[in-house]
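Colleague: Sequence and predicted structure below; questions after.
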Amino acid sequence: AASLLSCVFEMDTTPESYLDLFPLEAIVYLTPDSENVLEDIDPDKVYVLGGLVDESIHKQLTLRRAREQCLQTARLPIREYMVKAPNSRNYHSETLAINQVFDVLSTYYETRSWPAALRAGVSSGKGYVLPDTAEQ
């Protein structure tokens, strides 16, 4: 049974860029291509979910964008906590939709558990599972 998160997130939209709203040193651009693993959520940081409105995957595009803007980058710890599951297409991807990344982050913020967070946001269609479910 899934539990509901008790935290509420307030969202605001603005035409302004995050580069104009926050100091560069506070911004962490999340991209699956980063070499840096997100180990914890720092409440003093602003996390930008690097995303594209596109059906295809453009490797390194969000990482290049972050580097052009001189931003810190990080990736979700998928390969640190999950294993590749055998599948007929031999498909494994760490690229998630923005709503999936948000689900991972909000679940981690609530539980402080990466396995719980990754279970909440990484669908089995990505080809990764938690080690305790790999045999199933």
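Modeller: Nice, thanks for sending it over.
Colleague: Give me the next element, helix or strand, following the longest helix along the chain.
Modeller: In the chain, assigned by DSSP state H, the helix with the most residues is helix 98-111. Going down the chain from helix 98-111, the next helix or strand is helix 114-121, by DSSP states H and E.
Colleague: Show me what whichever helix or strand comes after that following helix pairs with in its sheet, parallel or antiparallel.
Modeller: Downstream of helix 114-121, the next assigned helix or strand under DSSP H and E is strand 128-129. Counting by DSSP bridges, the strands paired with strand 128-129 are strand 83-84 (antiparallel).
Colleague: Nearest residue to the most centrally placed residue in the chain in space, please, no chain neighbours.
Modeller: Nearest to the mean C-alpha position of the chain, by C-alpha atoms, centre = their mean, lies Val101 at 3.9 Å. Using C-beta to C-beta, 6 or more residues apart in numbering and skipping the chain neighbours, the partner closest in space to Val101 is Leu49 (5.1 Å). Heads up, the C-betas are built off the backbone N, CA and C, glycines and all.
Colleague: Over to Gly50?
Modeller: Thr62 (3.4 Å).
Colleague: quick one: the strands in this protein?
Modeller: Under the criterion DSSP state E, the chain contains strands at 27-30, 46-49, 72-74, 83-84, 128-129.
Colleague: The first one - contacts with which helices or strands?
Modeller: Using 3 or more C-beta pairs under 8 Å, 6 or more residues apart in numbering; DSSP states H and E, the elements in contact with strand 27-30 are strand 46-49, helix 61-68, strand 72-74.
Colleague: 10 Å instead, please
Modeller: Counting contacts by 3 or more C-beta pairs under 10 Å, 6 or more residues apart in numbering; DSSP states H and E, strand 27-30 packs against helix 18-21, strand 46-49, helix 61-68, strand 72-74, helix 98-111.
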